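1. Got a predicted structure plus its sequence, pasted below:
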Amino acid sequence: MQNTAKNQPTGGHSRRGRTERLRWYQMIYWLIYRLGLVVWKRATPPAELIALVEGPTPLPAGRALDLGCGTGTDTIYLASHGWDVTAVDMTSKALAIARRNATAAGVAPRLIHGDVTRLADLDVGGDYTLLLDLGCFHTLPSDRRPPYVTGVTHAAAPGATLLLSGFRRRGLALAHAGITVEEVRQRFCGAGWELVSAKRSAVNQSAIRRAGDLIEIWSYQLRRTPNS
């Protein structure tokens, strides 16, 4: 859930700039939130994230970056467990809900309206030890995936963990969304990450669970190599 930053410079409105600001994924997500059709909305974090935070060998609380945070379920969960969280999403309505939910939970994550493929423009900073993308990268068009990987890699601390999830196949979901383990290896391992695990994810959203055999939501855990 990611696109043009509210605080991004707007001078020199070229045709290219207008086109990028109005790409299909911005309009689709705006419409989905406008109509209240957020079928991926979750009340609780996925099991994979809970295992990283509360499992037998939990990650020490540090800086976390939530990419495509939506209404903030995972952001708020991490902030409630002592993490310093920055979250990015392209949809202002989603962020407004996230702010209300965070206030109700008594936490104050940093919420940024912007494009996850242009993290440098958003001044998100770096040295994040945990990065989350639970359904964002897999909807990006192919030409925006390389800059996303570059931005995420620059934001990650050496040894950082990236938890990435999405539809396994393209063409069976919204706007041909999808990502395979082969693409994860190609795009991330060549940029300084190692693939720790890849597995089919348990789905707890009822609307998506009914189509689970068709879309196959997979979860990938990656680690930023210390010396790259």
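-> Noted; the coordinates are in hand.

2. Which helix or strand contains the nearest residue to Trp193 once chain neighbours are set aside?
-> Nearest residue to Trp193, sequence neighbours excluded (C-beta to C-beta, 6 or more residues apart in numbering): Leu222, at 4.4 Å. Bear in mind the C-beta positions are built from the backbone N, C-alpha and C, glycine included. Using DSSP states H and E, Leu222 sits in strand 217-224.

3. Work out the gap between the lengthiest helix in the chain and the centre of the chain.
-> Counting by DSSP state H, the longest helix found in the chain is helix 92-105. What separates the centre of helix 92-105 from the centre of its chain is 16 Å, taken as C-alpha atoms, centre = their mean, to the nearest Å.

4. name the helices or strands packed onto that helix?
-> Helix 92-105 sits against helix 24-35, helix 73-80, strand 84-89, strand 110-113, with contacts defined as 3 or more C-beta pairs under 8 Å, 6 or more residues apart in numbering; DSSP states H and E.

5. show me where pLDDT drops low in the chain?
-> By pLDDT under 70, the low-scoring segments of the chain are 1-42, 169-177, 202-215, 228.

6. Mind naming the longest strand for it?
-> Criterion DSSP state E: the longest strand present in the chain is strand 156-167.

7. Sheet-wise, list the partners of it with their directions.
-> Its sheet considered, strand 156-167 pairs with strand 128-134 (parallel), strand 217-224 (antiparallel) by DSSP bridges.

8. quick one on the thing from earlier: and the residue nearest to Trp193, how many neighbours?
-> 24 (other C-beta atoms under 10 Å).
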